[in-house]
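Chemist: Model the following, please.
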Amino acid sequence: MKKYLLAFMSITVMLCSSSCGTEANEKVTEEASPEIKEEIPHRTGDEIVGVSDKDISDIDITFSDSIRDDSTGNYRLATTADSEDLLYYIASYYDNYFKSDDEVHFIINFTLGTTMSISKFGDTLYLYVYEHVDGEEHSANKIPEGMCLGQYWIYLDNGDIEKIA
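Modeler: Purely as a prediction, here's the structure:
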């Protein structure tokens, strides 16, 4: 009988000590320091025209994984009729729609009459804005067909937008 009592007390002591240890471990885990995110300072200069920090999900976009007559297989097409300047949404667009850095995306804004071309080089998005020519969206051989209105670099480290031309 003494053996059973001794075994029962040993098990009870082990269970109590292990549960006490769990509480202590949980407190240590809870007190772990939060992850510190390093902020990249924004660039300065006359060519920096803003920051691409708006969320593309706020814009009504119709996206297509292909464009007719695309021999590369890397062209993508998005269209919108929103009156917002998409320049400030391009970093978010990249995060949400690019599946590969080899892709070239075209965004046609029917309201503003523009066609944007977006490609990635290193940690920078190259963005060209063209006049939209009616029907260019129907063939990769035609897009973009309009006159170039502007060229921009969008830095992915902090969203800075630099006007190139």
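Chemist: okay, which residue is most central for this protein?
Modeler: Nearest residue to the geometric centre of the chain (C-alpha atoms, centre = their mean): residue 95, 2.0 Å.
Chemist: which strands and helices sit next to the host helix or strand of that residue?
Modeler: In this assignment (DSSP states H and E), residue 95 forms part of helix 90-97. Applying 3 or more C-beta pairs under 8 Å, 6 or more residues apart in numbering; DSSP states H and E, one finds that helix 90-97 makes contact with strand 75-80, strand 104-109, strand 114-121, strand 124-131, strand 148-155. Bear in mind the C-beta positions are built from the backbone N, C-alpha and C, glycine included.
Chemist: ok, back up a step: and the residue nearest to the centre of the chain, how far from residue 57?
Modeler: Counting by C-beta to C-beta, to the nearest Å, the separation of residue 95 from residue 57 is 10 Å.
Chemist: Point out where this protein drops to low pLDDT.
Modeler: Low-confidence segments of the chain (pLDDT under 70): 1-37.
Chemist: Run a quick neighbour tally on residue 155.
Modeler: 20 (other C-beta atoms under 10 Å).
Chemist: Go ahead and confirm it touches residue 122.
Modeler: No - counting by C-beta atoms under 8 Å, residue 155 stays clear of residue 122, with 9.8 Å between them.
Chemist: measure the residue nearest to residue 88 when sequence neighbours are not counted to residue 94 for me?
Modeler: Distance criterion C-beta to C-beta, 6 or more residues apart in numbering; nearest residue to residue 88, sequence neighbours excluded, is residue 54 at 4.6 Å. Residue 54 sits 13 Å away from residue 94, going by C-beta to C-beta.
Chemist: can you check residue 58 too?
Modeler: 15 Å.
Chemist: quick one, which of these two is more surrounded?
Modeler: Set residue 58 next to residue 94 and count neighbours by other C-beta under 10 Å: residue 94 wins out with 20 against 11.
Chemist: give the contact list for the more buried one.
Modeler: With contact set as C-beta atoms under 8 Å, 6 or more residues apart in numbering, residue 94 has these partners: 118, 120, 125, 154, 156.
Chemist: How many residues are close by the closest residue in space to the fourth one that isn't next to it in sequence?
Modeler: Going back to what we said before, that points to residue 154. In space, and not counting its chain neighbours, residue 154 is closest to residue 125: 4.2 Å by C-beta to C-beta, 6+ apart. Number of residues near residue 125 (other C-beta under 10 Å) recorded here: 24.
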